[in-house]
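Chemist: predicted model follows, preceded by the sequence.
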Protein chains: 2
Amino acid sequence: MSDPPGAIRLLPIPGLPEVAPGTDLAAMIREAADAAGVALDGRVVVIAQKIVSKAEGRLVRLADVTPGEEAKEIAADHDRDPRQVQIVLDESTRIVRRGNNVLICETKHGFVCANAGVDLSNAPGEDIAVLLPLDPDASARRIHEALSTDGTHTPVVITDTFGRPWRDGLVDVALGSAGLAPIKDDRGSRDRIGRELLVTQPATADQLAAAAGLLMLKSAGIPVIVVEGFPIEGDGSVRDLLRDPATDLFR
Amino acid sequence: MSDPPGAIRLLPIPGLPEVAPGTDLAAMIREAADAAGVALDGRVVVIAQKIVSKAEGRLVRLADVTPGEEAKEIAADHDRDPRQVQIVLDESTRIVRRGNNVLICETKHGFVCANAGVDLSNAPGEDIAVLLPLDPDASARRIHEALSTDGTHTPVVITDTFGRPWRDGLVDVALGSAGLAPIKDDRGSRDRIGRELLVTQPATADQLAAAAGLLMLKSAGIPVIVVEGFPIEGDGSVRDLLRDPATDLFR
């Protein structure tokens, strides 16, 4: 039985090797997708931030960090390693909230998330922190361009798991994108009874991220998912998704 | 070429009729899935809130609403219909923020969202507002049980599109669930290098909602998506996903 029209498939790419600083992710993904028999043209490649950061060498050894006074104070308040806190402060423009042993930070990219996205899980070693890519949109574009050769088009979305206010649990969100519109602007289109839809703007890059996240459970070690059947439109960066702080009611 | 192991398919169910108060959604979904050749056993059925609300008669005619003083004041401040505002207030326990012509409300269910989820788009008529189901977890459980007969198991997730702080655009989130654990508790499991993962709790019901949302664009009129290949575990309600207000840094 074939899929109904409009079906989407989320395809995990198995067999990816460990990533180290300097790894050519586009070449690695193409090779693994070929081996798995997964086509990339016209599909979206969703990549977990962790391997992008590792490939880009966004790693800090805790032993190399000297915490300042602010980091020491915050660490003492929250029972944290002051060197970890220093790394978080270095990645942040400000702390939006702190409490419950978590620092909600605004990163230099403009993301609001716990610990400025600095993570110790699945790091290459016990005392190494993995930072977010410096410019995830640029990372996505480089990989998108490397995968889109010979007239093919393979959008790329780079994702991370973020917590959120009001709800427990983590969902994957887009940190970077290239080759598709991360937000679909349906304003001005009409609903089924012809009334103008004023505020329907699906954040498609985030929905792609969350969909891929269903397959990206950390312990499974599947950091690349190919999305097949999603109607690709437009182009843009995740920066387009960030709410203007002036109109944000929660900072 | 067959899908790689672990692949997930998102299958839209076409041909669903218009829903009216009293419609038997489980029977309607089963019939349409059969017609589309989509099996339901072991699959997750994701249903847009709007048709659940319509089936449950959660409709209010604006002409029947008499706005009170608070609704009139808020409506004047934000250039809104005072009757709409009254409906929003009736659905809310409190207003968390207001500004930018939006009311961020805490609903009686404990959701925090714009306008308490009250919506005029795709309503059955020009002056009719659609409210969220009274108890979306109970709605999900009724449909789950009606679909899970003869030893089959078909979890149900009921979803709506919500905005969020810090990012523009809407993503689909779970309002109700039954037949699966809406949040996967990976705390205590270990990452790939054996370190304990302390806070990895994927909000699977929300990720399923967002994935289905890729196919649920309002104007397409596809309110039911079947998710095939997702490893179903546990059971629970979306209430389990709501953060304890006492530990929430954003209310």
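Modeler: Cool, the structure landed.

Chemist: identify the residue nearest the geometric centre of chain A.
Modeler: A:T159 (1.8 Å; C-alpha atoms, centre = their mean).

Chemist: in the sheet, who's paired with that residue?
Modeler: Beta-bridge pairing of A:T159 under DSSP bridges involves A:A48, A:A174.

Chemist: pLDDT score for it?
Modeler: If you check A:T159, the pLDDT there is 98.

Chemist: low-confidence stretches in the stretch 51-200 of chain A?
Modeler: A:120-125, A:186-200 (pLDDT under 70).

Chemist: how about the strands of chain A, start to end?
Modeler: A:8-12, A:44-48, A:59-61, A:92-99, A:102-107, A:112-114, A:128-130, A:156-162, A:171-178, A:224-228 (DSSP state E).

Chemist: I'd say A:T154 and A:G179 touch.
Modeler: Yes - counting by C-beta atoms under 8 Å, A:T154 touches A:G179, with 6.7 Å between them. Where you see a C-beta, it was placed from the backbone N, CA and C, and this is true even at glycine.

Chemist: now the common contact residues for the two.
Modeler: Both A:T154 and A:G179 are contacted by A:44, A:144, A:148, under the criterion C-beta atoms under 8 Å, 6 or more residues apart in numbering or on different chains.

Chemist: ok, A:R83 touching A:G68?
Modeler: No - using C-beta under 8 Å, A:R83 is not in contact with A:G68; the gap is 10.5 Å.

Chemist: most surrounded residue in the shared contacts of A:T154 and A:G179?
Modeler: The most crowded member of the shared contacts of A:T154 and A:G179 is A:V44, carrying 28 neighbours; neighbours defined as other C-beta atoms under 10 Å in any protein chain shown.

Chemist: skip the chain neighbours and tell me the closest residue to that one.
Modeler: A:V227 (4.2 Å; C-beta to C-beta, 6 or more residues apart in numbering or on different chains).

Chemist: domain parsing of chain A, as residue ranges.
Modeler: A:9-57+A:133-242, A:59-132 (automatic domain parsing).

Chemist: which of those sits most buried?
Modeler: domain A:9-57+A:133-242 (a mean of 21; mean count of other C-beta atoms under 10 Å in any protein chain shown).

Chemist: quick one: contacts for A:V224?
Modeler: Listed by C-beta under 8 Å, 6+ apart, the contact partners of A:V224 are A:12-13, A:16, A:29, A:32-33, A:45-48, A:51.

Chemist: wait, which of the residues you listed is closest to B:E91?
Modeler: A:V46 (35.7 Å; C-beta to C-beta).

Chemist: per-residue confidence at that closest one?
Modeler: 98.

Chemist: give me the pLDDT for the nearest residue to it once chain neighbours are set aside.
Modeler: Spatial nearest neighbour of A:V46, excluding adjacent residues (C-beta to C-beta, 6+ apart): A:A212 at 3.7 Å. Per-residue confidence (pLDDT) for A:A212: 97.

Chemist: shouldn't A:A212 be in contact with A:F230?
Modeler: No - with contact defined as C-beta under 8 Å, A:A212 does not reach A:F230; the gap is 10.8 Å.

Chemist: show me where the stretch 1-150 of chain A has its helices.
Modeler: A:25-36, A:49-55, A:69-78, A:82-91, A:136-147 (DSSP state H, counting those that start in this stretch).
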